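J.: Sequence first, then the predicted structure, then my questions.
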Amino acid sequence: MPGSEIRADFWMNEYITPWDIYAHGITSVLAYRRTAFQEMYIVETGAYGKALVLDGKWQSSTGDEFLYHEPLVQPAMLLHGGPGRVLILGGGEGATAREVLRWKSVERVVMIDIDGEVVDACREHLAEMHQGAFDDPRVEVRIQDALDFLDATTESWDVVISDLSDPIEDGPSFKLFTKEYFERVRRVMAADGVFVIQAGPVGPVEMRMHVRLVRTVMAVFEHVQSYTSHVPSYASPWGFALGSSRPIDARPDPDAIDRQLAEHTNGGLRMLDGSALLGMFQIAKHIRRAIAEETHIYTLAAPPKFFGKGAAGQASSKG
């Protein structure tokens with residue numbers, strides 16, 4: 001294209017749909033592992049800083065991860081009001097734990113991740129994300145299957161955060177987007193506990209998984225709220241879903257939220273305040289309609305299958 005300047009020779013192509021690719025220009029590879037569960041890259045990008053990529057799917061990057069991790073964590077914490085015990089399922093980068101630790105009420109955080117090699121690499125290379133959360137004495141990291149932990153734990157949790165990699169068919173997490181999984185989560189939650197899950201893209205051509213996930217959460221929890229945040233490096237607006245036995249105010253008062261954050265957290269939030277939360281909860285008409293009309297529920301017998309992996313390679317040149 002006339003006037004364009006390509007500055008990368010190595011590209012990571014993420015397949016968004018069968019007809020769309022997001023090509024991330026990579027300036028260096030900081031870590032690579034083919035673990036027992038998945039293929040992992042930690043890379044330096046030209047536009048978004050450092051990034052974690054699992055099975056060719058972009059997880060988060062230092063340039064815009066706050067647009068994912070703050071919306072993932074803070075609405076659930078706000079809904080609870082004063083969480084003391086928080087369970088994180090997934091969250092290898094440590095940024096989810098970082099956001100949880102902003103709350104003064106938090107006494108104990110347990111993070112469950114199946115892949116210790118990914119957690120170790122993130123601890124080493126993504127300090128900008130975890131910001132020392134792994135070293136906080138309130139945080140315990142356990143390397144194990146989330147389903148095994150849920151079956152064994154006798155603890156009761158105020159907030160449970162499902163921060164899992166996308167449900168690629170042969171990846172480690174597709175079972176954790178099902179009704180049976182949500183029922184296990186519900187059993188370990190306090191009576192007034194809050195659940196939140198990262199719930200996939202909500203672009204018009206790829207929002208089916210989000211819509212069905214919301215309906216699946218609704219099959220387990222009395223009150224459910226879908227909401228979204230735009231994370232530019234994901235190539236699509238991203239969806240989340242809250243689930244709880246307590247009512248969820250879809251039109252929260254921004255001033256009240258700001259007062260709650262000022263009183264109960266140590267600050268430092270970059271994107272989320274009362275006005276931002278009010279905006280995120282105002283779901284577009286076509287998404288609301290799709291959720292209302294959906295009848296499919298994800299189960300272990302028929303779990304979600306996220307579209308395709310990505311690929312990394314050198315750019316070709318033409319003389």
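T.: Arrived safely. Please read these numbers as outputs of a predicted model, since none were measured by experiment.
J.: Just confirm V118 contacts T35, I think it does.
T.: Yes: judged on Cβ atoms under 8 Å, V118 makes contact with T35 at a distance of 6.6 Å. From N, CA and C alone the C-beta is placed, and that goes for glycine too.
J.: And the two? Which one has more around it.
T.: When V118 and T35 are compared for neighbours, V118 comes out ahead with 25 against 15, by other Cβ atoms under 10 Å.
J.: Quick check: the more buried one vs G91, distance?
T.: Look at V118 and G91: by Cβ to Cβ, to the nearest Å, they are 10 Å apart.
J.: Next: A241.
T.: 17 Å.
J.: ok, those two, which is more surrounded?
T.: Regarding A241 and G91, a neighbour count based on other Cβ under 10 Å identifies G91 as having more, with 29 against 25.
J.: Give the other helices and strands that the helix or strand where L87 lies contacts.
T.: For L87, the element it lies in under DSSP states H and E is strand 85-90. Using 3 or more Cβ pairs under 8 Å, 6 or more residues apart in numbering; DSSP states H and E as the contact criterion, the neighbours of strand 85-90 among helices and strands are helix 95-100, strand 108-113, helix 146-152, strand 157-163.
J.: what are the C-alpha coordinates of stretch 22-32, in CSV please?
T.: Coordinates of the C-alpha atoms in stretch 22-32 are reproduced here as CSV (Å, rounded to 0.1, in the frame of the first residue of the first chain):
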residue,chain,number,x,y,z
TYR,A,22,-5.2,-10.3,13.0
ALA,A,23,-1.5,-10.1,12.2
HIS,A,24,0.6,-9.0,15.2
GLY,A,25,4.1,-7.7,14.3
ILE,A,26,6.6,-9.3,16.6
THR,A,27,10.0,-7.6,17.4
SER,A,28,11.4,-10.4,19.6
VAL,A,29,10.5,-13.7,21.2
LEU,A,30,11.1,-13.6,25.0
ALA,A,31,10.0,-17.1,25.8
TYR,A,32,8.7,-20.2,24.0
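J.: Give me the contacts around that stretch.
T.: Residues outside stretch 22-32 that contact it (Cβ atoms under 8 Å, 6 or more residues apart in numbering) are 6-8, 10-14, 16, 40-48, 50-51, 58, 121, 124-125, 233, 235, 312.
J.: run the last query once more with 6 Å
T.: Residues outside stretch 22-32 that contact it (Cβ atoms under 6 Å, 6 or more residues apart in numbering): 8, 10-14, 16, 41-46, 121, 125, 235.
J.: Could you pick out the buried ones from the residues you listed?
T.: When those are checked for burial by 16 or more other Cβ atoms under 10 Å, the buried set is 8, 11-12, 14, 16, 41-45, 121, 125, 235.
J.: Which of those fall within strands?
T.: Counted as lying in strands by DSSP state E, out of the buried ones among the contacts of stretch 22-32, are W11, M12, E14, I16, Y41, I42, V43, E44, T45.
J.: any idea of the pLDDT on the fifth one?
T.: If I follow you right, that is Y41. Taken from the predicted model, the pLDDT recorded for Y41 is 95.
J.: Listing request: residues of the stretch 151-300 of the chain with sub-threshold pLDDT.
T.: Using pLDDT under 70 as the threshold, the predicted model of the stretch 151-300 of the chain has low-confidence ranges 167-173.
J.: how about the strands in it?
T.: Remark: strands assigned in the stretch 151-300 of the chain by DSSP state E, counting those that start in this stretch are 157-163, 189-201, 223-231, 236-244.
J.: which of the ones you listed sits most buried?
T.: Between these, the one whose residues have the most neighbours on average, counting mean count of other Cβ atoms under 10 Å, is strand 157-163 (a mean of 25).
J.: residue contacts, D255?
T.: Counting by Cβ under 6 Å, 6+ apart, there are no residues that D255 touches.
J.: That one and S275, how far apart?
T.: If you measure D255 against S275 using Cβ to Cβ, the figure is 9 Å.
J.: swap in A95?
T.: With distances defined as Cβ to Cβ, the gap from A95 to S275 amounts to 23 Å.
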